[in-house]
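Engineer: pasting the structure only:
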């Protein structure tokens, strides 16, 4: 690598690190405030806050790394154009190849990290976060009910309400519990309830002096029964079924499946890698500014291109997921259009430099 390439690469690494650090701090702050609100609302336990925060950051890295790379290259090269360092390098025999050689040793490791993230790490993080959320919801139903407030366990359809709680032994008074069992609506109404553990140490609702209402009034299966003591076990999320979702699968598992949602997931993950490569190369000609222009004059255009490209990829992948035949064609067309735009940008830059050489030669 030539000296000019090493000089550019060093500045690009510093710029990428700065952009990534700023974005990471913003993401951490946003996630922390969001999760802290869930802790205060009783939707998340405080001891799980750090784990969920870390999983959230891992999932955001898929967007953070490509954006930091793209913006970091533009910031450094725009500054060099403004300070006429690029013109001085060109006069000394540097070419576009030197800039590409400066970017590639940085971009390739980023692409490798992105591949590992989208193929294995991010699916694992999504899956783990879902398990934590489901387990936390179930424990909240049994252990942290707020008297006078309805609590809904969205993943299983439970709705629980307790009018008051005995401060001495934690017994709940005037309980309402709505649930579904084998597709049948069941409502439990009891005077008292306690959270206990059975012989296998599994948590269970023990209801006292109440009645069970099954079905819908007016239908043949409608019934009402009373009891002195009744045990109701909390719902358990079927994690084996949840694990079948496309976003939880690693890349090797996705290739073995043929459902449209899995195909869309493959193309979406591949698009992240490809778009990062194309945008990394596009950043070199896109960063060209006149010496009298502002250093950040191209930043707004760069952000617009990134956001537009990302959203078009997401939309077309959703079409593929729905089984639309034009989805794949649209996705390929978008990538081809951006790649052609990058090629044209290089050719335009090359032609302008050739004209300058001829004019002043």
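Structural biologist: Looks like it arrived, so ask away. Note that the structure is predicted; figures quoted are calculated from it, not measured.
Engineer: CA only for contacts and neighbour counts going forward, please
Structural biologist: Will do.
Engineer: now stretch 10-29: how far from the chain's centre is it?
Structural biologist: Between the mean C-alpha point of stretch 10-29 and the mean C-alpha point of its chain there is a distance of 18 Å (CA atoms, centre = their mean, to the nearest Å).
Engineer: What residues of the host helix or strand of residue 27 count as buried?
Structural biologist: Element membership of residue 27, judged by DSSP states H and E, is helix 3-40. By neighbour count, and taking 16 or more other CA atoms under 10 Å as the criterion, the buried residues in helix 3-40 are 4-6, 8-9, 11-13, 15-17, 19-20, 23-24, 27-28, 31-32, 35-36, 39.
Engineer: Next, count neighbours for the nearest residue to residue 23 once chain neighbours are set aside.
Structural biologist: Closest residue to residue 23 in three dimensions, ignoring its sequence neighbours and counting by CA to CA, 6 or more residues apart in numbering: residue 64, at 7.1 Å. Burial of residue 64, expressed as a neighbour count using other CA atoms under 10 Å, amounts to 18.
Engineer: Also residue 59?
Structural biologist: For residue 59, the tally of surrounding residues (other CA under 10 Å) stands at 18.
Engineer: Helices of the stretch 101-250 of the chain, start to end?
Structural biologist: In chain order, the stretch 101-250 of the chain shows helices spanning 122-143, 239-242, with DSSP state H, counting those that start in this stretch as the criterion.
Engineer: Could you tell me the least trusted of those?
Structural biologist: Out of these, helix 239-242 stands lowest, with a mean of 49 (criterion: mean pLDDT).
Engineer: ok so, going back, can you check what angle separates the helix or strand harbouring the residue nearest to residue 23 from helix 3-40?
Structural biologist: With the criterion set as DSSP H and E, the secondary-structure element containing residue 64 is helix 49-82. For helix 49-82 and helix 3-40, the angle between their directions (axes from the mean of the first three to the mean of the last three CA atoms, to 10 degrees) works out to 150 degrees.
Engineer: Could you list every helix and strand in contact with helix 49-82?
Structural biologist: helix 3-40, helix 85-91, helix 96-116, helix 122-143, helix 260-286, helix 299-321 (3 or more CA pairs under 8 Å, 6 or more residues apart in numbering; DSSP states H and E).
Engineer: Just say which of those is most tucked in.
Structural biologist: Per residue and on average, the most neighbours among these fall to helix 260-286, with a mean of 21 (mean count of other CA atoms under 10 Å).
Engineer: Going by contacts, tell me the helices and strands next to that one.
Structural biologist: Helix 260-286 sits against helix 49-82, helix 96-116, helix 251-255, helix 299-321, helix 326-360, with contacts defined as 3+ CA pairs under 8 Å, 6+ apart.
Engineer: ok, back up a step: minimum distance to residue 248: which of the helices and strands packed on helix 49-82 has it?
Structural biologist: Taking CA to CA as the criterion, helix 122-143 is the member of the helices and strands packed on helix 49-82 that comes nearest to residue 248, at 4.5 Å.
Engineer: quick revisit: you'd agree the residue nearest to residue 23 is up against residue 20?
Structural biologist: Yes. In this structure, residue 64 sits in contact with residue 20. The criterion is CA atoms under 8 Å, and the distance is 6.7 Å.
Engineer: So what's the predicted local confidence for residue 312?
Structural biologist: pLDDT, residue 312: 91.
Engineer: now the one 5 residues further on
Structural biologist: Residue-level confidence at residue 317 comes out at 86, pLDDT.
Engineer: contacting residues around it?
Structural biologist: Going by CA atoms under 8 Å, 6 or more residues apart in numbering, residue 317 touches 264-265, 267-268, 327-328, 331.
Engineer: residues near residue 231, how many?
Structural biologist: 15.
Engineer: Next up, the contacts around the closest residue in space to it that isn't next to it in sequence.
Structural biologist: Leaving aside its sequence neighbours, residue 231 sits nearest to residue 206 (CA to CA, 6+ apart; 4.6 Å). Residue 206 sits next to 193-196, 229-232 when contact means CA under 8 Å, 6+ apart.
Engineer: do you know how far the nearest residue to residue 35 once chain neighbours are set aside is from residue 131?
Structural biologist: In this structure, residue 35 finds its nearest non-sequential neighbour in residue 49, 6.8 Å apart by CA to CA, 6+ apart. Relative to residue 131, residue 49 is positioned 14 Å away (criterion: CA to CA, to the nearest Å).
Engineer: cool, residue 192 as well?
Structural biologist: Here the criterion is CA to CA. By it, residue 192 lies 31 Å from residue 131.
Engineer: Equivalent analysis for residue 308, please.
Structural biologist: Shown here: residue 308 relative to residue 131, a distance of 33 Å by CA to CA.
Engineer: Give me the neighbour count for the closest residue to residue 276 other than its chain neighbours.
Structural biologist: Here the nearest residue to residue 276 in space, its sequence neighbours aside, is residue 66; by CA to CA, 6+ apart that works out to 5.5 Å. The number of residues packed around residue 66, counting by other CA under 10 Å, is 25.
Engineer: Next: residue 322.
Structural biologist: Other residues near residue 322 come to 13 when the count uses other CA under 10 Å.
Engineer: how far away is it from residue 118?
Structural biologist: When distances are taken as CA to CA, residue 322 and residue 118 turn out to be 21 Å apart.
Engineer: State the three-state secondary structure for residue 44.
Structural biologist: When states are read from DSSP: H, G, I helix; E, B strand; the rest coil, the local structure at residue 44 comes out as coil.
Engineer: count of neighbours near it?
Structural biologist: Using other CA under 10 Å, residue 44 has 22 other residues around it.
Engineer: quick one: it from residue 52, how far?
Structural biologist: Between residue 44 and residue 52 the computed distance is 9 Å (CA to CA).
Engineer: Appreciated, that's everything.
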